[in-house]
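**Q** predicted model, plus sequence, below.
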Amino acid sequence: MQHWSADDVMVNGVKIHFHRTGGDKAPLVLCHGITDNGLCWTRAAGELEKQYDVIMVDARGHGLSDAPEGSYHADSHAADVVGLIQALGLEKPRLMGHSMGAATVATLAATYPDVPSRIVLEDPPWRAVERSPQERAAYMDEWRQMTITRQNTKTEAEIAEEGRTANPKWDASEFEPWSHAKKQVNPQVFGFGVAPAPTLHWRVLVPKITCPTLLVTGDPELGGIVTAEIAQEVTQANGHIQTAQIANAGHNIRRDQFWPYVDLVLAFLAGTA
């Protein structure tokens, strides 16, 4: 990590911050989940950088990126990532995203099909029955208020300790960037997915994806979002997409089952899975 660089690009009038492992290797762009930041990929990037030039993006409103007034929907995040890719001159990068970041990557692949070469989607927020707009708004507002309260009343060390208690499977190295991100995040990010949302529903997005895609799922009983039924529906709707479930993992698949996750995505990114 000592040799990683950090920089900003201006995209759509927004400063987007990123970290980069560097090297003369194929580019791999990583998009984090809501309330995380780019460095929440640190442990995974430490393995991925052996084969790729890894770019870890702070989404708008997260980490050290700007938090502008306006949209925090997946289409805006996707446009930011495309702008970063263009600003850095990346040719046909691979992309990976978790949760909100997976929605961002899927939206990017569907909307800008010439940009990515391959994508990995780690448990995107794809549900069989979506919450109503009112339910979604109430859920996100509750999350926003909880985040504000935590930022105002908890130290990073206290937040990290909460994380350790709630996530005993995670490696110890995960909690420093995770807790730091929770203090950095701007409450505006909870506009993600709240009506009016221009972002296409996942059932509309999925058929539009034309690059090889790996959908990685966990166990819904442990907190995973994508069910086996949804995964089957996705593969039936688009032959470019393959799915893989990792056992004993919830929504944070790479954190719950790190090595099975890394082995799986490396094989896919290399085009051998």
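**A** Ah, there it is.

**Q** can you tell me the centre-most residue of this protein?
**A** residue 101 (2.4 Å; CA atoms, centre = their mean).

**Q** how about the helices in the chain?
**A** Using DSSP state H, the helices of the chain run over 42-48, 74-88, 100-111, 133-153, 156-166, 175-184, 202-205, 228-237, 253-256, 258-269.

**Q** right, and those - which one's nearest residue 215?
**A** With CB to CB as the measure, helix 228-237 is the member of the helices of the chain nearest residue 215 (6.0 Å). (Glycine included, C-beta is placed from N, CA and C.)

**Q** so how far is residue 28 from the nearest residue to residue 265 once chain neighbours are set aside?
**A** Using CB to CB, 6 or more residues apart in numbering and skipping residues adjacent in sequence, the residue nearest residue 265 is residue 120, 5.2 Å away. Residue 120 sits at a distance of 9 Å from residue 28 (criterion: CB to CB, to the nearest Å).

**Q** what is in contact with those two at once?
**A** Residues touching both residue 120 and residue 28 (CB atoms under 8 Å, 6 or more residues apart in numbering): 94, 95, 96, 269.

**Q** tell me what the first one is bridged to.
**A** What that stands for is residue 94. Beta-bridge pairing for residue 94 (DSSP bridges): residue 28.

**Q** doesn't residue 29 make contact with it?
**A** Yes. With contacts counted by CB atoms under 8 Å, residue 94 reaches residue 29, the gap being 7.3 Å.

**Q** ok, how many other residues are close to the residue nearest to residue 265?
**A** 25 (other CB atoms under 10 Å).

**Q** so who does it touch?
**A** 94, 95, 96, 97, 105, 213, 214, 216, 265, 268, 269.

**Q** nearest to residue 139, out of those: which one, please.
**A** Nearest to residue 139 among those, counting by CB to CB, is residue 97 at 20.9 Å.

**Q** of the shared contacts of residue 120 and residue 28, keep whichever come out buried.
**A** Among the shared contacts of residue 120 and residue 28, those classed as buried by 16 or more other CB atoms under 10 Å are 94, 95, 96, 269.

**Q** can you list the residues you listed in JSON lines and add pLDDT and distance to residue 149?
**A** Below are these laid out as JSON lines (pLDDT from 0 to 100; distance: CB to CB, whole Å):
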{"residue": "94", "pLDDT": "99", "distance to residue 149": "38"}
{"residue": "95", "pLDDT": "99", "distance to residue 149": "34"}
{"residue": "96", "pLDDT": "99", "distance to residue 149": "31"}
{"residue": "269", "pLDDT": "98", "distance to residue 149": "39"}
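
**Q** name the nearest residue to residue 127, sequence neighbours excluded.
**A** residue 225 (6.5 Å).

**Q** how close does the one you found get to residue 56?
**A** Counting by CB to CB, the gap from residue 225 to residue 56 is 22 Å.

**Q** higher neighbour count, those two?
**A** residue 56 (27 against 17).

**Q** residues contacting the more buried one?
**A** Applying CB under 8 Å, 6+ apart to residue 56 gives the contacts 18, 19, 20, 30, 32, 38, 39, 41, 42, 45.

**Q** give me every residue that touches the nearest residue to it once chain neighbours are set aside.
**A** Using CB to CB, 6+ apart and skipping the chain neighbours, the partner closest in space to residue 56 is residue 38 (3.4 Å). By CB under 8 Å, 6+ apart, the residues touching residue 38 are 17, 18, 19, 30, 32, 56, 57, 58, 62, 63.
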